[in-house]
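>>> What would the 3D arrangement of this be:
(chains A, B and C)
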Amino acid sequence: MIQWTAEQLDAFVQLLHDEAYEVLGPVIRDGAVTYGAMQALPVGYGDEQAAGHYRLTQRGDQTRFGYNLGPSTWKQFLFPPSETLFSVRDDLIHPVENQPGKRAFIGVRACEMAAIEVQDRVFLQGEYTERRYEQRRQQVFIVAVNCSQAAATCFCTANDDGPAVRGSADMVLTEVNPQQPWYLVEAISETAKKLVAKIGGAPANDEQHHQAQAAVNEAAEQISRQLPRKGLRDALFDALEHPQWDDVASRCLSCGNCTQVCPTCFCSTTQEQTDLVSMEVRHQRLWDSCFTEMHSYTTGGAIHHKTRSRYRQWLTHKLAAWEDQFDVSGCTGCGRCISWCPVGIDLTEEVEILRKSP
Amino acid sequence: MKDIADELSEHPFFEGLAPETLSLIAGCGVNAVYKPEELLAREGSSADELFVIRKGRVALLMHSTERGALQVDTRDAGDVVGLSFLVPPYRWPVEARAVQTVHVIRMDGKCLRDKCNADTALGYELMQRVATALMGHLNARSIQLLDLYGQLEL
Amino acid sequence: MNDALIPELCNVNGRLEDTPDVFTLDLVPPPGYRGFAPGQFNMLYVPGAGEAAISISGDPEDSYRLVHTIRAVGDVTSQLRTRDGHSQVGVRGPFGKPWPIDAARGGDLIIVAGGIGMAPMRPVLYAALADRASYDNIYLLYGARTPRDILFQEQLMEWHRQGAITAIITVDAARPSWKGDVGAVTGFIGRIPVNPRNTVAMICGPEIMMRYAASELLVKGIPMDRIHVSMERNMKCATAFCGHCQLGPYFVCRDGPVFRYSDVAAMMEVKQF
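You can find the predicted model right below:
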């Protein structure tokens, strides 16, 4: 492994631009760290999070990755919130051919890497392959980052998804020493090795490895929320009539924020868009949420008619059914659903109560 | 030749009753045949008979001023019709009419009631069979009531 | 199919009005359509209206037509009702797990259908009758609203007259002129002779009806894992991508719609699950 200065990291981002990657990463927008097309890494931003609470902060240091997680997820680039699957013109169906170019994701955290791999299971490893997702996924170069700090809403350690990156990133960075940061750089894929070689950098010594490890350990120690997974699937399926569902339903607004910020939620619906001039019909796929009435609509009416059953559907799917369906939990402990819930519902607290007999 | 007791013993409703019990209640029954469309009992009339169907089909109908006559149930061989004989005020809540030629054992309701009152063990046994039959009808009627297959239009 | 989310447009052979709200749409199978097994469904698409999951009601051996029997209840199904020989319908499929017809070979088959639930049962009858000698008794218990809501009545009665099946067709209510059965279909299970050790039962209809029917079959001694039900959930993609059709650990589009009753009975008891 080698080590970079902050300037070398910035040069690497520029190199990705020069190599014709569409560079996607942290962008300060609307008072939050979001993900989007990015020129250079923002410097010195942090965040303060709690249930129903997010504030962008100025750290007063030189960190490139001093923030934790904002409302954006990488999901939007692999599985867009809205896309046309095909159009109908002149009585013919025209599939939309998406030919994505090379893309780089800068700053993918451990929980996010785990979430991408969860969606890989949903879209690539079932009976059918989602071709659009596959094409986009193959074009992504992932620069992951081990966390050197945690938000109060984080709980990646509960499922061993972080704070150190465990997934199949192209390369992994660790940011050390916030006031004058340097980066431990691990190039994993061949592409990463070639690109990193163009920047250079001195080999990291034992002391630097030790410091990087200490930074990640510190992040792990900052994590206070827990979501023990052992026996959780059975416990939730055994608690389908628990009175806590009524309690949480009395607070939940059924707004669907949690599903929109969740990096693994994959529900989608379709919509027909008709252009009256060209007489073209576009068949579009849109993100959906299990908190909507129409989500469970059948000819007999909505099955998840009340908030109680919608929250139950979301939580039991995420934390229980997911294991049956994809052999992995649907939650990687990012805590976004806690921060972005307008009424501050914390799934870790709900689960704790659901696990106890009423 | 089979007598009434033999015929009762072959009917699901009386299945498993002791031979002496069967001969006791057989005294309340006579064989009867109804032609297609023939009335077995009028809605609201006195429920003095239990019809034990051996062959054929009986329709149960209700009359609505707005919608006319409606079949709400049919009973076939193996069924009984007329459980109201056991429950005051002993009135027919529906009309019973033969659909095809129907062969029944027509049991005298008062005769059966008297035997049940005199022998409470028999009364309990018959009451259990009536309750089981009623439960089945009730469940079936609940499902019909839900109109599960869509809007009911006749 | 290279991309399971893209339909193929097919021509319409014809459309038949079965009952006041049910019609049968007979399509020319799209090129390369690999056939279907009884109980599977297609996603039918009308440009501008959208897609709907529709069970296939035709003969699985007939590769010239793809027949769907549809109740017109929503936008898509109402639009499908306007399709005729001059128009096209998009098709994706077939999807889903079929009825376990093979498991019924060598024994009795009991089919219980309610309302539009008769549609996915007809392919079972086609398949079983094509290989009639492999089965012992085949019972069809079918409940409809009224006599004029009975689907495939002529055909079912013909099979009954031939002795190929024993059909009991019952309605919830009827005019006095109706000479058939009246009453809930579940009430008729008690009237057929059941051989509990050698019977496979298949039920399709509203969930309440399926639960009652299953409980009657259980009383008759048929084991839970030899009773099969077809579940209805919202299906948008049919490929386990869209998340709508979940039922506990299952995607109904992928793991169903046909389930062993033993796999879903507990969930069917939980309200709004």
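
>>> What spatial separation is found between A:Q211 and A:E175?
11 Å (CB to CB, to the nearest Å). C-beta here means a position set from N, CA and C on the backbone, and glycine is covered the same way.

>>> who's more crowded, the two?
Higher neighbour count among A:Q211 and A:E175: A:E175, with 25 against 17, using other CB atoms under 10 Å in any protein chain shown.

>>> who does that one bridge with?
A:Y183 (DSSP bridges).

>>> can you pull out the strands in chain B?
B:29-34, B:39-41, B:49-55, B:58-64, B:68-75, B:80-81, B:95-98, B:102-108 (DSSP state E).

>>> Direction included, what does the shortest one pair up with?
In the sheet, strand B:80-81 lines up against strand B:49-55 (antiparallel) (DSSP bridges).

>>> what angle separates the strand it pairs with from strand B:68-75?
Interaxial angle, strand B:49-55 versus strand B:68-75 (axes from the mean of the first three to the mean of the last three CA atoms, to 10 degrees): 70 degrees.

>>> how about TSV for the strands of chain B, with mean neighbour count added?
Listed next are these as TSV, based on neighbours: other CB atoms under 10 Å in any protein chain shown:
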stretch	mean neighbour count
strand B:29-34	16
strand B:39-41	18
strand B:49-55	22
strand B:58-64	19
strand B:68-75	20
strand B:80-81	22
strand B:95-98	22
strand B:102-108	21
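
>>> Looking at those, which is nearest to C:I111?
strand B:68-75 (20.4 Å; CB to CB).

>>> I'd like to know which elements the closest one is packed against.
strand B:58-64, helix B:120-145, strand C:181-182 (3 or more CB pairs under 8 Å, 6 or more residues apart in numbering or on different chains; DSSP states H and E).

>>> Apply 6 Å and report the result again.
Judged by 3 or more CB pairs under 6 Å, 6 or more residues apart in numbering or on different chains; DSSP states H and E, the packing partners of strand B:68-75 are strand B:58-64, strand C:181-182.

>>> how much space between the residue nearest the centre of chain B and A:Q211?
When CA atoms, centre = their mean is applied to chain B, the residue found nearest the centroid is B:V81 (1.3 Å). Counting by CB to CB, the gap from B:V81 to A:Q211 is 91 Å.

>>> can the helix or strand containing A:L286 be found next to chain C?
Per DSSP states H and E: A:L286 is located in strand A:280-287. Yes - counting by CB under 6 Å from any CB of the partner chain, contacts between strand A:280-287 and chain C involve A:V281.

>>> Identify each buried residue in that strand, please.
Neighbour-count burial for strand A:280-287 flags A:281-285, A:287 (criterion: 16 or more other CB atoms under 10 Å in any protein chain shown).

>>> Check stretch C:114-129 too.
Neighbour counts over stretch C:114-129 (16+ other CB under 10 Å) mark C:114-128 as buried.

>>> now, which of the residues you listed lie within helices?
C:122-128 (DSSP state H).

>>> want to throw those into JSON lines with pLDDT and distance to B:E20?
As requested, these are exported to JSON lines (pLDDT from 0 to 100; distance: CB to CB, whole Å):
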{"residue": "C:R122", "pLDDT": "98", "distance to B:E20": "52"}
{"residue": "C:P123", "pLDDT": "98", "distance to B:E20": "54"}
{"residue": "C:V124", "pLDDT": "98", "distance to B:E20": "49"}
{"residue": "C:L125", "pLDDT": "98", "distance to B:E20": "48"}
{"residue": "C:Y126", "pLDDT": "98", "distance to B:E20": "53"}
{"residue": "C:A127", "pLDDT": "97", "distance to B:E20": "53"}
{"residue": "C:A128", "pLDDT": "97", "distance to B:E20": "48"}
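
>>> which residues sit in contact with the residue in chain B positioned nearest to chain C?
Nearest residue of chain B to chain C, counting by CB to the nearest CB: B:Y149, 3.1 Å away. Residues near B:Y149 by CB atoms under 6 Å, 6 or more residues apart in numbering or on different chains: C:115, C:145.

>>> hmm, try it at 8 Å
C:114-116, C:143-145, C:149, C:172, C:205-206 (CB atoms under 8 Å, 6 or more residues apart in numbering or on different chains).
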